[in-house]
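S.K.: Provide a 3D model corresponding to the input given below.
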Amino acid sequence: MSITITDGQVITGGALSGATSPTFTVKVDQPADVNQKQYYVSALGGTYSPALTFGAHSAEVPFICKFSRPKAVKTTLVKNASGQVVSVPKNTYRFVVKKGGQVDPLVGVKSECIASMDISVPVGFMTNSPGEVTAFLSFLNGVLTNQLAGIKDALTTGSI
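M.R.: Below is the predicted model of the structure:
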C-alpha cells in the first residue's frame, strides 16, 4: 500500500466550531492483518470546546485510524466463452476511524464513535480511468471538508 503516515507525524484536523487549530500526533500501531495499516492518536493539539474528557488513544478509549486493502487484488474482468464481459469485479478498500468516549459518566460506560468508508474500484478503472479516480477522491475530500460543520451538527443534534 502507498498509505504513508510516519511515526510521530502531526495531522492537522478540519476547521470546525469547537475545535481551534486542531492537530493530532499519530503513532504507528500494530494492525490485525498484513493487508492493513493502523495508527493511533498519541497527542492532541489545539483547543476543544467543550473540553475533551479522554483525548488521546488508550486501550480503554481508542482513537485510531486504519486502512485496509483487498487480500487479493482483482485485475481481470469476468468474460463468458464468447468474450463478452459478464461481470466487473471490484476491489474494495476500507478506511476506519474510531474515537472512544463516555456515554454515561455517572456509571463510567464507554463506547466508540466509528466512521467506516469503503471505496470500491472496478477492475480496469484504475488503469483506464486514473483521472476519474483523481476527480472522485478530490470531490470526496471536498464534500467532507465543505460539509464538516453540517456533519458535526447532524451527529450532535440528530437532524440533517
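S.K.: use CA for all of it now, contacts and neighbours both
M.R.: Noted.
S.K.: on the three-state scheme, residue 71 is what?
M.R.: What DSSP: H, G, I helix; E, B strand; the rest coil gives for residue 71 is coil.
S.K.: so who does it touch?
M.R.: Applying CA atoms under 8 Å, 6 or more residues apart in numbering, we find residue 71 in contact with residue 35.
S.K.: one more: residue 127?
M.R.: Shown in contact with residue 127 (CA under 8 Å, 6+ apart): no residues.
S.K.: tell me the pLDDT of it.
M.R.: Looking at residue 127, its pLDDT is 88.
S.K.: distance of it from residue 71?
M.R.: 19 Å (CA to CA, to the nearest Å).
S.K.: need the contact list for residue 92.
M.R.: Residue 92 is in contact with 69, 70, 118, 119, 120, 121, counting by CA under 8 Å, 6+ apart.
S.K.: am I right that it is in a strand?
M.R.: Yes. Under three-state DSSP, residue 92 sits within a strand.
S.K.: from here on, call the first residue 742.
M.R.: With the count now opening at 742, the last piece we talked about shows up as residue 833.
S.K.: which of the contacts of residue 833 lies closest to residue 878?
M.R.: Nearest to residue 878 among those is residue 860, at 9.7 Å by CA to CA.
S.K.: below-threshold pLDDT in this protein: ranges please.
M.R.: Scanning the chain for pLDDT under 70 picks out the ranges 742.
S.K.: where is the longest helix in it?
M.R.: helix 871-887 (DSSP state H).
S.K.: list the helices and strands it packs on?
M.R.: Packed against helix 871-887, as judged by 3 or more CA pairs under 8 Å, 6 or more residues apart in numbering; DSSP states H and E, are no other helices or strands.
S.K.: apply 10 Å and report the result again.
M.R.: Helix 871-887 sits against helix 866-869, helix 889-898, with contacts defined as 3 or more CA pairs under 10 Å, 6 or more residues apart in numbering; DSSP states H and E.
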